[in-house]
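> Sequence and predicted structure below; questions after.
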Amino acid sequence: MAYSDLRDFIDTLEKKKELKRISVEVDPFLEITEFADRSVKNNGPALLFEKPRGSRIPVLINAFASMRRMELALEVDSVESVAQRIYEFLEMRMPEGLIGKLKMLPKLAEVGAFFPKMVSSGPCKDIIRRDKFSLNEFPILHCWPQDGGRFITLPMVFSRNPDTGKRNCGCYRMQVYDERTTGMHWQTHSTGRSIIGVY
């Protein structure tokens, strides 16, 4: 993994002059996304809103909104090099003979490192709230004037097929209905939709 956590990546963006801190209070209702939209259209930096109105949690936006920031995130000189590596894995063929198989071992070891590792704990479990939890504590954005409300726009959604146990992790836009309820936008072709049998 390129960075130990999001703070580490933010530090890198700042050192590389790819981040602007916004220290004044800005409203998550339409204002933050207006700043972000103007910034990205003018090739501006990522923005870190330190005081979103109504929340103590800062908002990072446009973190991957340029090729330079994508290269920093992936720790590569060119995003194309990542595309080339993916292509090589997709085009991998069964090697012939013992020498071919031996040459394939480093690639297979690299593939083996791709899979998630099961652990019993981690930083994501440092704070677990089971009582008096409210989504309203988070600066969830209302992005556009005609949106139906506030949306979590790039969440990691984990689902599991109740029959097979097969898991999926995907990004599905989630609309916030109230302090404890969201609705998920699944398109008909999405893996999450098919994995739990929503038809």
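Noted; the coordinates are in hand.

> make it CA atoms for all contacts and neighbour counts henceforth
Noted.

> ok, how many other residues are close to Phe64?
14 (other CA atoms under 10 Å).

> Spell out, range by range, the strands that occur in this structure.
For the chain, the strands defined by DSSP state E cover 19-26, 46-52, 59-61, 151-152, 157-160, 167-170, 174-178, 181-184.

> Nearest residue to the middle of the chain?
The chain has Leu154 as the residue nearest its centroid, 5.8 Å off, counting by CA atoms, centre = their mean.

> so what pLDDT did the closest residue to it other than its chain neighbours get?
The shortest distance from Leu154 to any non-neighbouring residue, by CA to CA, 6 or more residues apart in numbering, is to Cys171 (5.6 Å). On pLDDT, Cys171 comes in at 85.

> picking up where we left off before, ok, and which of the strands of the chain has the densest surroundings?
Highest mean neighbour count of the strands of the chain: strand 46-52, a mean of 22 (counted as mean count of other CA atoms under 10 Å).

> Relative to that one, what are the paired strands and their orientations?
Using DSSP bridges, the strands paired with strand 46-52 in its sheet are strand 19-26 (parallel), strand 59-61 (antiparallel).

> before we move on, back to that, phi and psi next, for the residue nearest to the centre of the chain.
Dihedral angles of Leu154 (phi, psi; degrees, to the nearest 10) stand at phi -140, psi 60.

> my read: it touches Gln175, true?
No - between Leu154 and Gln175 there is no contact under CA atoms under 8 Å: 11.2 Å.

> Tell me the helices and strands packed up against the longest helix belonging to the chain.
The residue-count maximum for a helix in the chain (DSSP state H) belongs to helix 97-112. Under the contact definition 3 or more CA pairs under 8 Å, 6 or more residues apart in numbering; DSSP states H and E, helix 97-112 sits against no other helix or strand.

> Pull the number of nearby residues for the residue nearest to Leu154.
Count around Cys171 with other CA under 10 Å applied: 17.

> Quick check: it vs Pro123, distance?
Relative to Pro123, Cys171 is positioned 21 Å away (CA to CA, to the nearest Å).

> Show me the helices in this protein, by range?
6-15, 31-41, 67-74, 79-90, 97-112, 191-195.

> Would you convert the ones you listed into a markdown table that also reports distance to Gly183?
Below are the helices of the chain laid out as a markdown table (distance: least, CA to CA, whole Å):
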| stretch | distance to Gly183 |
| --- | --- |
| helix 6-15 | 26 |
| helix 31-41 | 21 |
| helix 67-74 | 29 |
| helix 79-90 | 33 |
| helix 97-112 | 35 |
| helix 191-195 | 13 |
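
> Which of these sits closest to Phe158?
Phe158 lies closest to helix 191-195 among those, at 8.4 Å (CA to CA).
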